[in-house]
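1. Show me how the following folds:
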Amino acid sequence: MAINKEFYNAGRSGGFFDKLILKKRMKMMDVFTESFSNDIIENALDVGVTADSSTLSANFFEKLFPDKSKITALSDQDASWLEREFEGLKFVRSSALQMPFEDNAFDVVFSAATLEHVGSRDSQKKMLEECYRVCKKGMFITTPNKWYPVDFHTLLPFVHWLPRLISTRILCALGLSYFAKEENLNLLSKKNLTEFMEQLNIDEFDVRSIKLLAMKSNLLLVVTKSQVDRSSGAANKV
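-> Residues are numbered from 1 along each chain as shown. Predicted coordinates for the structure are as follows:
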């Protein structure tokens, strides 16, 4: 889940792409608020906060959510500075694949631009399963759309559409070997998210999107957890 800060910050801090990403993420926050109104949230978990504090778009949930004391922020990076920045917030350092919380511990689980960084498809499914396990009312997961022409991590067009062996060679040749590794970047499509939900036997979900230049740049997975699944404590595993 950790992102190398050298690459995360490259050309982005306060620049055009950083501001563009922030604008998109504010739209995502609008969809989140429409999906889960603040008055039904007693506590919320943000999975995958970053240790980076320089970019405008980083940790936008913490910046925009009105009551910071309701937030628990989780990451495998050291983002403990968030506790000083946002009074009442609690930071927990842990893996998104095995979170140290009880079932149904949080009303809502939020995660932005983290799912694509946890590794293989099995690891991504495991993260979603964990998010669902610890949420009580629902979860809101965002990830870049694999089928958008530009990958905003590398700022390269179309390379991420190529077979992995070919894209890996290109990225390495351009000095972007970090993003050539599956454990660091594994983009997803709407089909991938839908298949994960089917495999986890989660029925109450919707995959929405945010557009940039009339094309779907980001996917928003909105899941509602039923009373039956709250009682069982997790998704019905296959």
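2. And for this structure, the residue most distant from the center?
-> Distance from the C-alpha centroid of the chain, by Cα atoms, centre = their mean, peaks at residue 173 (28.2 Å).
3. Could you verify that residue 124 is part of a helix?
-> Yes - with DSSP: H, G, I helix; E, B strand; the rest coil as the criterion, residue 124 is part of a helix.
4. Distance of it relative to residue 68?
-> As judged by Cβ to Cβ, to the nearest Å, residue 124 and residue 68 stand 29 Å apart. Heads up, the C-betas are built off the backbone N, CA and C, glycines and all.
5. quick one, which of these two is more surrounded?
-> Higher neighbour count among residue 124 and residue 68: residue 124, with 23 against 17, using other Cβ atoms under 10 Å.
6. contacting residues for the more buried one?
-> Counting by Cβ atoms under 8 Å, 6 or more residues apart in numbering, residue 124 touches 115-116, 118, 186, 188, 192, 196.
7. which stretches of this protein form strands?
-> Under the criterion DSSP state E, the chain carries strands at the ranges 44-47, 71-75, 90-93, 106-112, 135-144, 150-151, 156-157, 205-212, 215-224.
8. now those strands in JSON lines, with distance to residue 21?
-> Below are those laid out as JSON lines (distance: least, Cβ to Cβ, whole Å):
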{"stretch": "strand 44-47", "distance to residue 21": "17"}
{"stretch": "strand 71-75", "distance to residue 21": "18"}
{"stretch": "strand 90-93", "distance to residue 21": "23"}
{"stretch": "strand 106-112", "distance to residue 21": "10"}
{"stretch": "strand 135-144", "distance to residue 21": "10"}
{"stretch": "strand 150-151", "distance to residue 21": "12"}
{"stretch": "strand 156-157", "distance to residue 21": "16"}
{"stretch": "strand 205-212", "distance to residue 21": "10"}
{"stretch": "strand 215-224", "distance to residue 21": "10"}
